[in-house]
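# using only what follows, build the 3D model:
(2 chains)
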Protein chains: 2
Amino acid sequence: MEDPKELIARVRDQNDKGAIARLISIVERPVTNESRDLDEWLAQQAESGFVIGLTGAPGSGKSTLVDRLISQIRASDSSVAVVAVDPSSPFSGGAILGDRVRMQSHTQDPGVYIRSLATRGHLGGLTVAVPRVVRLLEALAFPWVLIETVGVGQVEIEITGEADATVVVINPGWGDSIQANKAGLMEIADIFVINKADRAGVRDTRRDLENMLELGAHDHRPPILETVATSGEGVEMLFEQLTDLRDGLISSGELAKRRAARRLAEFDRLVSATLRSAVESVTERNDLRDRVREGSLTPSKAAAELVALIKLSIDDKEGV
Amino acid sequence: MEDPKELIARVRDQNDKGAIARLISIVERPVTNESRDLDEWLAQQAESGFVIGLTGAPGSGKSTLVDRLISQIRASDSSVAVVAVDPSSPFSGGAILGDRVRMQSHTQDPGVYIRSLATRGHLGGLTVAVPRVVRLLEALAFPWVLIETVGVGQVEIEITGEADATVVVINPGWGDSIQANKAGLMEIADIFVINKADRAGVRDTRRDLENMLELGAHDHRPPILETVATSGEGVEMLFEQLTDLRDGLISSGELAKRRAARRLAEFDRLVSATLRSAVESVTERNDLRDRVREGSLTPSKAAAELVALIKLSIDDKEGV
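The predicted structure is shown next:
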């Protein structure tokens, strides 16, 4: 591994995207020496970016919307980083998600960094890795960081919760799915976007949304915007709303509160993930489980034996 | 604490219900010396009982049904133990749940043991305690053990999962609630009981149930019985069905499989609970959390510090 300090300098001085990729690989693994050096540096950096999670069912046009949003952000002369998360894919790297192809137009732009993250066997998986990667990108001076998830599963909603604000993308006529997903999506949305708003059913969808929002206990009713990502319609308005949202969250102190809560959640997750990993690396574990299954050892005796065998050294080792 | 061996002898020789209560207090805490002695004894006992979980919304008449079922079991000359679980109550003891009063008729019967369990600060709470208490009652030679929960919350459904078989109690006209609870209840039921079957709407409720069961992927369609617990109507049939179910599960080998899976789940839960308790007893934890919240310490550094402070000795201490 290269020295993180050196990689950071290469990002800052030469805008070296390869160095960003290598820093991400380091920060994805939170228990190596390199990642701890990097952590020390991260702790000293201001939290000056704004992180937006975009979620919605597959096919809702999120990727195209993100593509348009990148252009809008770039037009305002800001740089932007995108983390595309696919919990269902075992791959992770530069541009692996199928629809990432659509973002190729931005790869030559030095103000845009796009990275796909997928499930790997690292400590705690994506829910541990994503917030760390996002924090890194923010510290590398991206004022806007977008997290895009592929679907709306539990892990994806959890990951979106790592953003400062959440945009939920739906389509006209999505009524049924709304009903099903309501519990999870209504609560996390800061902004709703009805994408593909050139199709029939926009008014019904808006009314459905409004009815459901009325049932919820929102202090602040999230705005409902309409976009046609393929043509770019409505995306300028979305960017304006996002800017307003950011400014409002900062001035009200809500952003600081959300970030403090997230740091705490990250801490809890890291502790759990470290312990789980320690449990799983006890060699005798499978044997103990076999004996419990067949009944020759009681669960509590086996648990006591297992716990006694756990080694909690996390030094200089990858957490697997 | 008294010697578990002595308490067991008092249960066996004198049918001493006070000794059962004291044994339960020991087994509720899985990490004391006494409980480990008891575990050793438990491991040597045959698993000869049949454990039935009864669940359903509050007001569905579960307690009255349990009361009638006790009479039915006693009429067959078997003894029976009841564990009444109330995750919402902080109390635990002999007869605390309100409707437990109705079971008073059985308290003088030496073949009936009734015990309420409620949330206490013990290691892992009820999900750890209930399977251990049930196992104890079975080993104390109760051929039938009933677990009755107050409602149908997540914890209650989890606890019901600790039974060999599950009876889901609903009422006529409960259609809406069924819809809401469907995910959890349809999957765990071995037998459905429509209680208060003298009321209107039985046919609709049965049809609703049948429709929903058709959607599920049951190998074996659970029977739908009708009872009027207040008059005792249908309870004899319920007991017959339970006896058939038990015999079928034993002869097919399914009971052994279910029990092996439960032992494994108990093992996993005990390991998690022990680790969680070890994390929570790190004195510096609150200080670390404060520093993470305010941002003066990174989550990963704090997690590493916390993990280094965890003590995994579980000897001679209560897990609290």
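# who's in contact with the most centrally placed residue in chain A?
Nearest to the mean C-alpha position of chain A, by C-alpha atoms, centre = their mean, lies A:I159 at 4.2 Å. Residues near A:I159 by C-beta atoms under 8 Å, 6 or more residues apart in numbering or on different chains: A:53, A:85, A:87, A:126-127, A:130, A:147, A:149. (Each C-beta comes from the backbone N, C-alpha and C, glycine too.)
# just those residues: which are in helices?
Among the contacts of A:I159, the members found in helices (DSSP state H) are A:126-127, A:130.
# could you report the pLDDT at A:E162?
Note on A:E162: pLDDT of 84.
# assign it to helix, strand or coil.
Secondary structure for A:E162, judged by DSSP: H, G, I helix; E, B strand; the rest coil, is coil.
# quick one on the thing from earlier: and the ones in helices among the contacts of A:I159 as a markdown table, adding neighbour count and distance to chain B?
Shown next, in a markdown table, are the ones in helices among the contacts of A:I159 (neighbours: other C-beta atoms under 10 Å in any protein chain shown; distance: C-beta to the nearest C-beta, whole Å):
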| residue | neighbour count | distance to chain B |
| --- | --- | --- |
| A:L126 | 25 | 16 |
| A:T127 | 18 | 12 |
| A:V130 | 26 | 13 |
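# any idea which of those residues is closest to B:F142?
Taking C-beta to C-beta as the measure, A:T127 is the one of these closest to B:F142, at 43.8 Å.
# name the nearest residue to the closest one, ignoring sequence neighbours.
A:E158 (5.5 Å; C-beta to C-beta, 6 or more residues apart in numbering or on different chains).
# that older thread, possible to save the contacts of A:I159 as CSV with pLDDT?
Compiled in CSV, those are given as follows (pLDDT from 0 to 100):
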residue, pLDDT
A:G53, 93
A:V85, 85
A:P87, 67
A:L126, 77
A:T127, 77
A:V130, 89
A:I147, 93
A:T149, 84
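# for the residue nearest to the centre of chain A, pull up the helix or strand it's in.
helix A:154-160 (DSSP states H and E).
# on that earlier part again, the contacts of A:I159 into CSV, with extra columns for distance to B:V27?
Formatted as CSV, the contacts of A:I159 follow (distance: C-beta to C-beta, whole Å):
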residue, distance to B:V27
A:G53, 46
A:V85, 45
A:P87, 40
A:L126, 40
A:T127, 36
A:V130, 42
A:I147, 47
A:T149, 45
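# can you tell me which of those residues is nearest A:H106?
Using C-beta to C-beta, the contacts of A:I159 come closest to A:H106 at A:I147, 16.4 Å.
# ok, the closest one - contacts?
A:51-54, A:82-83, A:85, A:130, A:134, A:159-160, A:162-163.
# show me what contacts the residue lying closest to it once chain neighbours are set aside?
Of all residues not flanking A:I147 in the chain, A:G53 sits nearest, at 4.5 Å (C-beta to C-beta, 6+ apart). A:G53 makes contact with A:146-149, A:159-163, A:165-167, according to C-beta under 8 Å, 6+ apart.
# bridge partners for A:G53, pull those for me.
A:I147, A:T166 (DSSP bridges).
# pLDDT at the residue of the stretch 51-200 of chain A found nearest chain B, what is it?
Nearest residue of the stretch 51-200 of chain A to chain B, counting by C-beta to the nearest C-beta: A:R132, 7.5 Å away. Model confidence at A:R132, expressed as pLDDT, equals 88.
# from the contact counts, what lies against the one helix or strand it maps to?
Element membership of A:R132 [criterion: DSSP H and E] is helix A:126-139. Judged by 3 or more C-beta pairs under 8 Å, 6 or more residues apart in numbering or on different chains; DSSP states H and E, helix A:126-139 is in contact with helix A:17-27, helix A:33-44, strand A:80-86, strand A:112-118, strand A:144-149, helix A:154-160, helix A:254-280.
# gap between that helix and the chain center?
Mean-position distance between helix A:126-139 and its chain equals 7 Å (C-alpha atoms, centre = their mean, to the nearest Å).
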